[in-house]
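**Student:** Sequence first, then the predicted structure:
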Amino acid sequence: MNENIEKIIQECGAKLYDFESAMENGHRIFRVYITCEGGVTLEKCEEISKIISPVFDLNPPVSGKYFLEISSPGIERTLKSPKHFKASIGEKIKIKLNSGENLQGIIKTANDEGVEIDGQFVSYSDINKAKTYFEW
C-alpha cells in the first residue's frame, strides 16, 4: 500500500511524510501526513484525499470503519526515519533516549546511522522518541 499511496501523493506535487492509525472519541482515524514545497494547503489535502479515498475503498489501510485525514505533520512533528532527520537539519529537536536521558538541541547533520545534535552523535538505535520543537 505504501508505495502506491506515495506515488499518488508525488503525482499531486507532495511527498508522503508518514501515516498513522489512531482512536479518538471512539472513532478510528487513518491519517496520512504530507509535505509540500511552500507548505501544505487545505486545497492540497483535499485534492489528495479525493484521489486516495477510492483507492482505500478497494484496499482499506485498516480493518473496520475509519475516517481518512490528510494533513501536514505540523511544525512540531515526530521524527521516525533517517529521511525525517535529514529533512530537519538545522531545526531544534528533543530526543528521549532508550536510557531515559533527554537531549535537546539543533540537528547539525544526519545520515543513515544517526544524527548529530550540537556536537553529539546519537545512533538511531539509541533513540526512543524524537520530535522537532518550536519556541514561541
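**Tutor:** Everything's here; your move.
**Student:** And what about residue 68, helix, strand or coil?
**Tutor:** Recorded secondary structure, residue 68: strand (DSSP: H, G, I helix; E, B strand; the rest coil).
**Student:** For it, the count of nearby residues, please.
**Tutor:** 17 (other C-beta atoms under 10 Å). Every C-beta, even on glycine, is put in place using the N, C-alpha and C of the backbone.
**Student:** now swap in the one 5 residues further on and tell me
**Tutor:** Residue neighbour count, defined by other C-beta under 10 Å, stands at 17 for residue 73.
**Student:** my guess is it meets residue 15, correct?
**Tutor:** No. Counting by C-beta atoms under 8 Å, residue 73 does not reach residue 15; the two are 10.6 Å apart.
**Student:** got the contact list for residue 103?
**Tutor:** Contact analysis of residue 103 by C-beta atoms under 8 Å, 6 or more residues apart in numbering lists 93-95, 97, 117, 120, 122.
**Student:** picking up where we left off before, give the intersection of the neighbour lists for residue 73 and residue 15.
**Tutor:** With C-beta under 8 Å, 6+ apart as the test, residue 73 and residue 15 both reach residue 35.
**Student:** Pull up the gap between the residue nearest to residue 110 when sequence neighbours are not counted and residue 112, please.
**Tutor:** Excluding the flanking residues, the one nearest residue 110 by C-beta to C-beta, 6 or more residues apart in numbering is residue 85, at 3.9 Å. Between residue 85 and residue 112 the computed distance is 10 Å (C-beta to C-beta, to the nearest Å).
**Student:** Which of those two has more residues huddled nearby?
**Tutor:** A count of neighbours by other C-beta under 10 Å puts residue 85 above the other of residue 85 and residue 112, at 26 against 10.
**Student:** Need the per-residue pLDDT for residue 2.
**Tutor:** As predicted, residue 2 sits at a pLDDT of 65.
**Student:** Which pLDDT value belongs to the spatially most distant residue from the centre of the chain?
**Tutor:** For the chain, the largest distance from the centre (C-alpha atoms, centre = their mean) belongs to residue 119, which lies 25.1 Å off. On pLDDT, residue 119 comes in at 89.
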